[in-house]
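J.: Requesting a structural model of the entry that follows:
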Amino acid sequence: SRLSAQPGNGTWHWTTMAANALRTCVKLPTRMTGPVSVARRSFSEVTTEVKQPKAAVRTTLGSRLRSFIMGFTVAGTLSGYALYYKVQWTNEELAAMVRETAARQAQIERRLSQLESR
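T.: Model (predicted):
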């Protein structure tokens, strides 16, 4: 099975690579014997001092209101610009459609006048 997973044999597949990587990287115990040791962090320092939690920073109502108004103004300005752009674009498309319809109407009237003159 190991020979068939080599790149030169033509049967190399990503699932085979993933299975091989899993087999080599993860060593699972076959059987749990004896007491299970608890993982410990050997890179941390042992301290006896207890850190006091930092006091929460209180903000005033005026500060929150000012931030809300600024956010509302920015969002309103951006959405207003987007709405203006869409309305302007739609207006230009409508004007082009009206010009095209007027040109077709004029062409139809010319053809009709030619047919009536015969």
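J.: Going by C-alpha atoms from here, please, whenever you check contacts or count neighbours.
T.: Will do.
J.: need the longest helix for this structure.
T.: helix 61-117 (DSSP state H).
J.: What ranges in this structure fall below the confidence cut-off?
T.: Low-confidence segments of the chain (pLDDT under 70): 1-46.
J.: neighbours around residue 94, how many?
T.: 12 (other Cα atoms under 10 Å).
J.: can you offset everything so residue one is 10?
T.: Fine by me, first position is 10 from now on; the one you just mentioned is residue 103.
J.: Quick one: neighbours of residue 86, just the number.
T.: Applying other Cα under 10 Å, I find that residue 86 has 12 neighbouring residues.
J.: For it, give its distance to residue 110.
T.: Going from residue 86 to residue 110 by Cα to Cα, to the nearest Å gives 36 Å.
J.: go on, residue 90?
T.: Distance of residue 90 to residue 110, computed by Cα to Cα: 30 Å.
J.: cool, residue 63 as well?
T.: For residue 63, the distance to residue 110 under the criterion Cα to Cα works out to 72 Å.
J.: Which one of these two is surrounded by more residues?
T.: The neighbour count for residue 63 versus residue 110, taken as other Cα under 10 Å, is higher for residue 110 (12 against 6).
J.: give the contact list for the more buried one.
T.: Residues in contact with residue 110 (Cα atoms under 8 Å, 6 or more residues apart in numbering): none are found.
J.: same thing but 10 Å
T.: Counting by Cα atoms under 10 Å, 6 or more residues apart in numbering, residue 110 touches 104, 116.
J.: same thing with residue 81?
T.: With Cα under 10 Å, 6+ apart, residue 81 has these contacts: 75, 87.
J.: Also residue 102?
T.: Contacts of residue 102 were listed using Cα under 10 Å, 6+ apart, and they are 96, 108.
J.: What distance do you get for it to residue 118?
T.: Here the criterion is Cα to Cα. By it, residue 102 lies 24 Å from residue 118.
J.: likewise residue 77?
T.: Using Cα to Cα, one obtains 60 Å as the distance from residue 77 to residue 118.
J.: Likewise for residue 109?
T.: With distances defined as Cα to Cα, the gap from residue 109 to residue 118 amounts to 14 Å.
J.: again, but for residue 59
T.: According to Cα to Cα, residue 59 and residue 118 sit 93 Å apart.
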